[in-house]
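1. pasting a predicted model and its sequence here:
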Amino acid sequence: MMSREADPTAIWQRVKRMLVQQLQSPTPAVWQAIDALVPIGFDGNDFVLGCPYEHAPLMPHVTAPTTKNLLDRILRQFFGEDVQSKIIQGRSREDYERYKEMMAIRQQLEHQRAMTSVAGVIAEKTWRELWQRLSQQFHSMAGRQYESTRARFLLDAAAQIAEFVEEEEKKEGANIDLIKREMDRVIERLASLLGVPMPVVAIEVERCRKARAVVEGKLH
């Protein structure tokens, strides 16, 4: 077993020697890629190697599974089961620190995108449930062939939509644009169901929203 505290260059020379010996029929590009790698040192269980920017086109030859898996296996022979290689673009510890900062930013952005996606799916499901409830109410309603009955249903549905929108807007981190889009989608479906123009439904929803605001003291 070698010590992780040993000089990174000395570590790499021994590892590289074994890597070259055990590679089967490597191409000239693989040789060049291995020779281009610069040892940066350990970061936890990662032995970090840098591929200088001028040799970046060669990097895929050492990150390919065949080469990297062999490299990781050799490292484990020297240092234990938990050790693996990490190959980055650059040649210095400073380059590696910039790489870690970039990875942290990327992970944060990916997390934000994932959360946004999840929130969108949840919101879509919630609005879909609202529409399903309204649709079921309409189709279970007696006398729905009469305009007066349909008009009463429109008023009741508009009130339900207004209440639902208010609840959605009160939620922490509410996406107002998403709420407006989903509200328009429900209004469009309701208008189609009742055979009336969308603005007619939208006006009734807005009347209900304003009425609720007055009752709750939001308008003076």
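-> Received, thanks.
2. and the particular helix or strand that has residue 48 in it, what does it pack onto?
-> Following DSSP states H and E, the helix or strand that holds residue 48 is strand 46-51. Using 3 or more Cβ pairs under 8 Å, 6 or more residues apart in numbering; DSSP states H and E as the contact test, the elements touching strand 46-51 are helix 8-22, strand 38-43, helix 59-63, strand 84-89, helix 93-139. For every residue, glycine as well, the C-beta is placed using N, CA and C.
3. just the angle for that strand relative to helix 8-22, thanks.
-> 80 degrees (axes from the mean of the first three to the mean of the last three Cα atoms, to 10 degrees).
4. excluding chain neighbours, what is closest to residue 143?
-> Distances taken as Cβ to Cβ, 6 or more residues apart in numbering place residue 149 nearest to residue 143, at 4.4 Å, with adjacent residues excluded.
5. cool, residue 134 as well?
-> Per Cβ to Cβ, 6+ apart, closest to residue 134 is residue 157, 5.2 Å.
6. ok, back up a step: tell me the contacts of the residue nearest to residue 143?
-> The contact partners of residue 149, by Cβ atoms under 8 Å, 6 or more residues apart in numbering, come to 141-143.
7. Serialize those residues to JSON lines and add fields for secondary structure, neighbour count and distance to residue 8.
-> Shown next, in JSON lines, are the contacts of residue 149 (DSSP: H, G, I helix; E, B strand; the rest coil; neighbours: other Cβ atoms under 10 Å; distance: Cβ to Cβ, whole Å):
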{"residue": "141", "secondary structure": "coil", "neighbour count": "13", "distance to residue 8": "77"}
{"residue": "142", "secondary structure": "coil", "neighbour count": "7", "distance to residue 8": "82"}
{"residue": "143", "secondary structure": "coil", "neighbour count": "10", "distance to residue 8": "83"}
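8. would JSON lines of those residues with pLDDT and distance to residue 76 be doable?
-> As requested, the contacts of residue 149 are exported to JSON lines (pLDDT from 0 to 100; distance: Cβ to Cβ, whole Å):
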{"residue": "141", "pLDDT": "89", "distance to residue 76": "70"}
{"residue": "142", "pLDDT": "92", "distance to residue 76": "75"}
{"residue": "143", "pLDDT": "89", "distance to residue 76": "77"}
